[in-house]
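Asker: I need the structure of the sequence given here:
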Amino acid sequence: MKAWRLEKLGGALNLKDVPKPEPRPGSALVRIKAAALMSYLKSYVQGKLPVYNPPATEFTIGTNGVGVVEAIGRGVWHLKPGQQVVISPHFIAKENVEDPAQILIGLTSFGAGAEAILADWPDGTLAEYALMPVEAITPAEALQKFDAAQLAVLSRFIVPFGGLLRGRLAAGETLIVTGATGAYGTAAVLLGVAMGAGRVIAAGRNPASLAAVAHAAGPRVSTVGLTGDVQADARAMRTASIGGAHMAFDMVGQAKDPHATLAALHSLRRGGRLILMGSMTTDLPVPYTAVMLNNLEIIGQFMYPANAYRRLLELLRNGLLDISPIRPHVYPLAALPEAMEAAATASNLECIVMQP
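Answerer: Presented below is the predicted three-dimensional model:
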């Protein structure tokens, strides 16, 4: 089979002919039909993101996919050859221990003990076939009206879905999304509508992108342009949410200052929740007294629970989640260099998808 193999971060990336994997216990071999690219894949490949800890030897890159089960290994009882599935890179060690290690297959490990797991499951989905542990595979059936490229767009939604689930977003609540003009932030706005939020406030710095998000998401969405003035932005968000939000979802990427996050925190009503899923290059100064007096929760969330993809597919299957605003742009597997360039500059309403 053909696979994109990365020597090391900053090393050679080549499309190679490699042996098709054989199923092993607890795994399934999946024929890849589509895989979406991360916007930062080019920077990752070039070694410009040193926080990542990739496999120690050459590996196949790619973090998600849609495909069909080709074969299963011993100890696999529910997945069947011929089933359509979605692949998640998030894999947590199965041992019944206090803090099992976790990795993102085809990308990175996290912390002590995780390197050994990534060495066991190093290879991702930018290939004709991918061998995956069954914990990373979810059946995606009864979705005939969506083609593989459209389903690959779900990788854009699954990450913020994990945060909204952790934040206990309930029907009728008001949700504020900061970083709403980013890829994941836009998906969070669409998910808020799908999950029944009564009002969603999309907050960001780009007026044109905010208007596009609001148009795509519908009448329950309004926008707030952020200025960087914490108190002024908090007032604007409280006004838009008619007295304060029940939940704020922070998905600002690589923030150089905490202003948007603090404005979101100050926009909450009493008992509100702030969910942190973005990234920040500086510390977040928490206003201790305000958090205490207003019974606020600050919740960090990485990725999503094991059942999240099943729940996300149900939203899609039952017509609650509209993914059509995110347009897939399809490239053949051999065109990965061009596709990585496109992913780095794609808008929040575009998703670059590879198809073998």
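Asker: ok, what's across the strand from the closest residue to V85 other than its chain neighbours?
Answerer: Leaving aside its sequence neighbours, V85 sits nearest to I137 (Cβ to Cβ, 6 or more residues apart in numbering; 4.9 Å). Yep, even glycine has a C-beta here, placed from its N, CA and C like the rest. Beta-bridge pairing for I137 (DSSP bridges): I87.
Asker: is I117 in a helix, a strand, or coil?
Answerer: helix (DSSP: H, G, I helix; E, B strand; the rest coil).
Asker: and for it, the neighbour number?
Answerer: A total of 21 residues lie near I117 under the criterion other Cβ atoms under 10 Å.
Asker: returning to what we had before: I87 is in contact with the residue nearest to V85, correct?
Answerer: Yes. Counting by Cβ atoms under 8 Å, I137 touches I87, with 5.9 Å between them.
Asker: give me the common contacts of those two.
Answerer: Common contacts of I137 and I87 (Cβ atoms under 8 Å, 6 or more residues apart in numbering): V30.
Asker: contact partners for the nearest residue to T138 once chain neighbours are set aside?
Answerer: Among residues not flanking T138 along the chain, Y309 sits closest, at 4.0 Å (Cβ to Cβ, 6+ apart). Residues counted as contacts of Y309 (Cβ under 8 Å, 6+ apart) are 86, 88, 138, 154, 158.
Asker: equivalent analysis for S279, please.
Answerer: 252-255.
Asker: just the buried ones from those?
Answerer: Neighbour-count burial (16 or more other Cβ atoms under 10 Å) applied to these gives 252, 255.
Asker: list just the nearest of the contacts of S279 to L336.
Answerer: L336 lies nearest to G253 out of those, by Cβ to Cβ, at 22.7 Å.
Asker: ramachandran coordinates for that closest one?
Answerer: Backbone torsions for G253, taken as degrees, to the nearest 10, come to phi -100, psi 130.
Asker: how about the strands of the stretch 151-300 of the chain, start to end?
Answerer: Counting by DSSP state E, counting those that start in this stretch, the stretch 151-300 of the chain has these strands, from start to end: 174-178, 199-204, 221-225, 245-250, 268-276, 297-300.
Asker: only the buried residues of stretch 159-170, if you could.
Answerer: Those would be 159-167, 169, for stretch 159-170 by 16+ other Cβ under 10 Å.
Asker: same check, this time on stretch 342-354
Answerer: 342-343, 346, 348-354.
Asker: ok, now stretch 214-227?
Answerer: Buried residues in stretch 214-227, counted by 16+ other Cβ under 10 Å: 214, 216-217, 220-221, 223-224, 226.
Asker: I'd say A93 and A112 touch.
Answerer: No. With contact defined as Cβ under 8 Å, A93 does not reach A112; the gap is 11.8 Å.
Asker: mutual contacts of those two, please.
Answerer: A101.
Asker: tell me the domain ranges of this structure?
Answerer: As recorded under automatic domain parsing, the domains making up the chain are 2-153+326-355, 158-300.
Asker: any idea how far R235 is from A263?
Answerer: As defined by Cβ to Cβ, to the nearest Å, R235 lies at a distance of 9 Å from A263.
Asker: mind listing what the residue nearest to G244 when sequence neighbours are not counted touches?
Answerer: Leaving aside its chain neighbours, G244 sits nearest to R269 (3.2 Å; criterion: Cβ to Cβ, 6+ apart). Neighbouring residues of R269 by Cβ under 8 Å, 6+ apart: 243-246, 294.
Asker: would you map the strands across the stretch 1-150 of the chain?
Answerer: 2-6, 13-17, 27-36, 59-60, 65-72, 84-87, 90-92, 102-104, 108-110, 129-133, 137-139.
Asker: in CSV: the ones you listed, plus mean pLDDT, distance to Q301 and mean neighbour count.
Answerer: Shown next, in CSV, are the strands of the stretch 1-150 of the chain (pLDDT from 0 to 100; distance: least, Cβ to Cβ, whole Å; neighbours: other Cβ atoms under 10 Å):
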stretch, mean pLDDT, distance to Q301, mean neighbour count
strand 2-6, 98, 28, 21
strand 13-17, 98, 31, 14
strand 27-36, 98, 21, 24
strand 59-60, 98, 27, 24
strand 65-72, 98, 23, 23
strand 84-87, 98, 20, 24
strand 90-92, 97, 12, 20
strand 102-104, 97, 13, 22
strand 108-110, 95, 14, 20
strand 129-133, 98, 22, 23
strand 137-139, 98, 19, 20
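Asker: can you put these in a markdown table and add distance to R205?
Answerer: Below are these laid out as a markdown table (distance: least, Cβ to Cβ, whole Å):
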| stretch | distance to R205 |
| --- | --- |
| strand 2-6 | 33 |
| strand 13-17 | 33 |
| strand 27-36 | 25 |
| strand 59-60 | 36 |
| strand 65-72 | 33 |
| strand 84-87 | 32 |
| strand 90-92 | 30 |
| strand 102-104 | 28 |
| strand 108-110 | 29 |
| strand 129-133 | 37 |
| strand 137-139 | 35 |
